[in-house]
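Enquirer: Predicted model and sequence below, questions to follow.
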Amino acid sequence: MAFLLLHPQEIQDLVSMDEAIEAVEKGYANGHEFPVINAPRRRVHSPAGVRISNFPGGIYDLGVIGAATRADHVIQDGDNQHYAYREHPLHVLNDSNTGELLSIVIGEPVEKTLGYTSLVALRTAATSGVAFKYMVRQDVETVGLFGSAGQAVNQLLALKSVRPSIRRVHVYSRDPKNRASFARKYGPKFNLEIIPVTSIEAVIKGADVILCATNTNVELFDGDLLEPGQHVTGIIGGNVQLVQGGFLKKARREIDNRTVERADLVATNLRESVISEKQGDLYEPIEQGIIKLKDIVELGEMARGLAKGRHSDDDITYHKNNNGTAASEIAVAMLVYEKAKAAGRGTMINLISPDALKEQFSQ
Amino acid sequence: MTRDVLLLRPEELQGLVSMKEAIDIVEQGYREALSYPAIAAPRRRVHSPGGVRVSNFPGGIHGLGVIGTGERPDKLNKGGENQTKAFRGYPVHLVHDSNNGQLLSIMIGEVDEKTLGYTSVMALRTAATSGVGFRYLPRDGISTAGLFGSAGQAANQLLALLTERPSIGKVKIYSRDPDNRRKFARKYSQKFNVEIIPVSTPEEAVIGVGAVHCATNTSVPLFDGDLLEPGQHVTGMIGSNVQLVKSGYRSSRRREIDDRTAERADLIVCNLRETILMEEPGDLFEPMEKGLIRLEDIHELGELGTEVCPGRTSDAQITYHKNTNGNGVADLGISMRAYELAKADGRGTWIKLPEPEDLPQAL
């Protein structure tokens, strides 16, 4: 028995955004077809603020089942969330047919042309990417972007991968320097016209797609600003344990109730997470009777062709990329493992067989 | 900058932790989780269509400075009155510091009781969890016990009972195969220095004993609850999950203890109440559905020995601990102890990891 141990520095340049989107789509399609293979993220917290996020699940089309684990030391600072420490995530990959341990992947899988940017940026963006395929109009040109850090870069690349027609981006973030440097760096890199803007209204007006990629704890814009035909993606999940553990007074928000009310189509990754984590952006509108849980479409339903996605060019569509699950974490980690193995990377670790262990250690 | 993480393999986890230490740790874990619930979570299982199951155990004990997760794969054979496994994978524990989130150790393999060695799946933690019940629920000074089962779980569970009730001098053992119960009696009467008497019917294992202990792989009830006598304590350790039924692996929920036992018990204790709703373990969920017992009347392990539930309050009570299943609070606590002892003993392999912030940043 042996498994491949992969270190963070061995997995930096392996996976493209296109490949990640395809793998995550398989993950959610499998999870919808055979629901017991996936589970919502579950977090536990220490009183000192250390948070362990767990992602058990698998993708049988990729031959994998396992769990991903990530430790963060989380600091809540008023309206924003920061990290005092972010540990390498760990991915334990087992063969979904035999159960055997294939690999322990230590470190964050990153997009190969972007490198390390931000926490779980590749899989978060690839998950948004699955929804872009089904929810964004075909001919879009203009993007409104909230945020100018790693998540913003990856989300923008995912949109460009799925809708290469995009031409210009209006970027807003609280710090004018950050939005200017984002525009300078990624305009040429993505061959896009990126324009820093000074108001929230300027992000939304005239945009075809609105991407939220910030670390906010409160709503970013008023849903009344939205225009027919727009697609909105939000990426903040936020679990109720943050409130129960005393780290936040109320559930995190990013997108307001009005957006939910106006949207013709609301999609999320896994409905079960909305309930199990009481995620504010969807849970609160459900509690207030603005939307019903059963009217929210899952990514897996669109991926399997069971739900249509956008119906008309005038629809306002809204994807709450509520959080990663194994369908994304393990899918991307499996790609990393296969590519690293093919490239001869990593260290094979031999394990004693259970029979030999029994022979030596039963007393 | 790099930092070292201790990789521990199955043979390096042997001979480290005693039953007494494990019971103390598990008690501390559930007790701390009572006052800080966000550090505990129920076990969550995911299943592949190929029959591979991954069990995920997030949690920690801040008093011991640990938080993290456990992951264990196995492959089940279908259906029947007993559960058997086609493959049993080593658990992987990812042990983190609960103060700063840093990964301390990757542990592959089971932590077995130091005097018993390799026996059965997760036997030390399962027995130590029963042991917390033994501390508060059987009458003081009992001299006899009845034991169902003659494999590794039975040996560990009996050691836990003898650790907490050293007054026991006589044990009646029943298992389906007469050879197995005789072998168990021969081996463990010497090892534990108690009289162990093989009996040929389930009734004999129940009648006249102070504590009845179930440690089998059954999927159907072992004895009729009408046989129970005032003052007895019953422990069951099968905590199956409803996903086995949902995924077609079983046609009904696993049972071990009947409805009548739940109905007659004056005090019922489970490990975590949240598990009952999430996994619907038949032994408690089915009597609840029938209105024989109510969720709010079931106590949690962490409440034992506190004002909420001191434990047994009269010699005539029938007490019943459904050791629903292991949880991260128990597993990570025991893993932390094993890590500390292994490290002090110079075991394992140090692997160097870069600090996350030292990885190449955005390209």
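Expert: Received, thanks. Residues are numbered from 1 along each chain as shown, chains lettered A, B, ... in the order given.

Enquirer: Could you list the low-confidence segments of the stretch 251-363 of chain B?
Expert: Filtered on pLDDT under 70, the stretch 251-363 of chain B yields the residue ranges B:362-363.

Enquirer: which bits of it sit near chain A?
Expert: B:328, B:351, B:353-354, B:356, B:359-363 (C-beta under 8 Å from any C-beta of the partner chain). All C-beta atoms are positioned from the backbone trio N, CA, C, and that covers glycine.

Enquirer: Can you tell me which of those residues is closest to A:Ile75?
Expert: B:Pro356 (16.0 Å; C-beta to C-beta).

Enquirer: Quick check: the gap between that closest one and A:Gly150.
Expert: In this view, B:Pro356 and A:Gly150 are 13 Å apart by C-beta to C-beta, to the nearest Å.

Enquirer: which of these two has more neighbours?
Expert: Taking other C-beta atoms under 10 Å in any protein chain shown, B:Pro356 and A:Gly150 do not tie; A:Gly150 has more neighbours (24 against 17).

Enquirer: which residues touch that one?
Expert: A:Gly150 is in contact with A:116-119, A:121, B:362, counting by C-beta atoms under 8 Å, 6 or more residues apart in numbering or on different chains.

Enquirer: Got the phi and psi for it?
Expert: Backbone torsions for A:Gly150, taken as degrees, to the nearest 10, come to phi -60, psi -40.

Enquirer: And for the closest residue to B:Lys114 other than its chain neighbours, the neighbour number?
Expert: Among residues not flanking B:Lys114 along the chain, B:Gly15 sits closest, at 4.9 Å (C-beta to C-beta, 6 or more residues apart in numbering or on different chains). Close neighbours of B:Gly15, defined as other C-beta under 10 Å, add up to 17.

Enquirer: so which strand or helix has B:Gly15?
Expert: Using DSSP states H and E, B:Gly15 sits within no helix or strand.

Enquirer: Any idea how many residues pack against B:Gly328?
Expert: For B:Gly328, using other C-beta under 10 Å, the count is 32.

Enquirer: I'd like the distance from the closest residue to A:Gly223 other than its chain neighbours to A:Thr325, if you could.
Expert: Using C-beta to C-beta, 6+ apart and skipping the chain neighbours, the partner closest in space to A:Gly223 is A:Arg258 (3.0 Å). For A:Arg258, the distance to A:Thr325 equals 28 Å [C-beta to C-beta].

Enquirer: Neighbour count for these two, which is higher?
Expert: Just comparing A:Arg258 and A:Thr325: by other C-beta under 10 Å the higher neighbour count belongs to A:Thr325, 28 against 17.

Enquirer: isn't the residue nearest to B:Lys114 right up against B:Leu116?
Expert: No: assessed by C-beta atoms under 8 Å, B:Gly15 is found out of contact with B:Leu116, at 10.2 Å.

Enquirer: Output stretch A:104-121 as CSV, nothing but the C-alphas.
Expert: Output in CSV follows, covering the C-alpha atoms of stretch A:104-121 (Å, rounded to 0.1, in the frame of the first residue of the first chain):
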residue,chain,number,x,y,z
ILE,A,104,-2.9,13.5,0.5
VAL,A,105,-2.6,16.9,-1.3
ILE,A,106,-1.2,19.6,1.0
GLY,A,107,-1.7,23.1,-0.3
GLU,A,108,-4.1,25.2,-2.3
PRO,A,109,-4.7,24.3,-5.9
VAL,A,110,-4.2,27.5,-7.9
GLU,A,111,-5.0,28.5,-11.4
LYS,A,112,-1.8,27.9,-13.5
THR,A,113,-1.7,31.2,-15.2
LEU,A,114,-2.6,33.2,-12.0
GLY,A,115,-0.6,31.5,-9.2
TYR,A,116,-1.5,32.0,-5.6
THR,A,117,-3.9,34.9,-5.1
SER,A,118,-6.4,34.3,-2.4
LEU,A,119,-7.9,31.6,-0.3
VAL,A,120,-9.7,28.9,-2.3
ALA,A,121,-9.9,31.4,-5.2
